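**Q** Everything below, folded, please.
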Amino acid sequence: MKNFEHWFVCLDLSNMDDILIGYTHFLTSVIEPKTISFLHVVESRNVAKEMAELFPDIETDQDFEDVIRDELNKKVEEHFGENDIEIRLIIKEGRPTDQIIELMNTMDPDLLMMGKKTGYVGEGVIARRIVKYVPASILFVPENSRYVMNTILAPVDFSRQSANAVKLARNLVEPQNGTVQAQHIFKYPSHFFPYMPTEDDKDKIRGHIEEQKKEFIDEYNLPEDVTFTLTLHKEGRIGDEVYDEAVRNQADLIIVGSKSDKKITSILRDDFTDKMTYYSFGIPLLVVKNKEKHQKFLKTLFS
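**A** Got it, this is the predicted structure:
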């Protein structure tokens, strides 16, 4: 796919690297990129001291980098020994979030891939700065990801961004004749609180949402074979509704569109995307962004 030609994959010398590199290799059978850049950030010189104790031959910073490069090269070459994809290995020193954001802006990749338990996300928590200030699409890969792409769940809010997410999902499952499940989560209007709407009110609300769904499908010319589910959210986290739907459909991937064509603050306050990225689904989560529009917003914001 033209919009995913250059990938950035974050490694941290943990067991998560094997899972992430393996999933990256699997994904190349679904989308074929031109370039994959694997990145490792040395966060502290304390790590260098520990390495020096383990490897007495290390005397200089270059020796230290060579040891890391050799270790990562071995892992990458196990999966990418012979192919036409350009493979790069980048090693930097500093704060991981800062280095990722800087490199994403200077090298301009289309997709950032991160493991859910790498050093870049802390104790299972996604780094807010990366989600908000990286213009590329972001794929979060948990430890128990399956190397299949038969069913994709796409939560939608009837916006252009969610329409793009649905279309991308359809393209991803097409080679396997897979399925796309679109889910719209809604609540009853606040003016009913604390009372429950009548059955007549419920029918009217659902009828209105059905009409919105039809307009959404027609306006963005969505594929006819995409299945829609309307989910009433009563209480708790919205992520629970998405998770339940993902489990029901045995989804292999969740795709959500990130807003980019409204006010600048929409990037900083896209609550639904925020909640999705912080939720531990145990299923790969792809946050799809319009890179060019996000770049313009960020340029305006920081100028």
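
**Q** Contacts only, for Val41.
**A** Shown in contact with Val41 (CB atoms under 8 Å, 6 or more residues apart in numbering): Cys10, Asp12, Ile91, Lys92, Glu93, Gly94, Arg95, Pro96, Gln99, Ile100, Gly119, Tyr120. All C-beta atoms are positioned from the backbone trio N, CA, C, and that covers glycine.

**Q** got JSON lines for those, with neighbour count and secondary structure too?
**A** Below are the contacts of Val41 laid out as JSON lines (neighbours: other CB atoms under 10 Å; DSSP: H, G, I helix; E, B strand; the rest coil):
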{"residue": "Cys10", "neighbour count": "25", "secondary structure": "strand"}
{"residue": "Asp12", "neighbour count": "21", "secondary structure": "coil"}
{"residue": "Ile91", "neighbour count": "16", "secondary structure": "strand"}
{"residue": "Lys92", "neighbour count": "17", "secondary structure": "strand"}
{"residue": "Glu93", "neighbour count": "16", "secondary structure": "strand"}
{"residue": "Gly94", "neighbour count": "13", "secondary structure": "coil"}
{"residue": "Arg95", "neighbour count": "15", "secondary structure": "coil"}
{"residue": "Pro96", "neighbour count": "22", "secondary structure": "helix"}
{"residue": "Gln99", "neighbour count": "20", "secondary structure": "helix"}
{"residue": "Ile100", "neighbour count": "24", "secondary structure": "helix"}
{"residue": "Gly119", "neighbour count": "16", "secondary structure": "coil"}
{"residue": "Tyr120", "neighbour count": "23", "secondary structure": "coil"}
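
**Q** tell me which of the residues you listed is nearest to Ile31?
**A** Cys10 (18.2 Å; CB to CB).

**Q** from memory the closest one sits against Gln99, does it?
**A** No: using CB atoms under 8 Å, Cys10 makes no contact with Gln99, being 9.6 Å away.

**Q** residues bridging contact with these two, i.e. touching both?
**A** Leu39, Val41.

**Q** and stretch 72-92, how far out from the chain's middle?
**A** Remark: stretch 72-92 is offset 22 Å from the chain centroid, using CA atoms, centre = their mean, to the nearest Å.

**Q** Having no further points to raise, I will conclude here.
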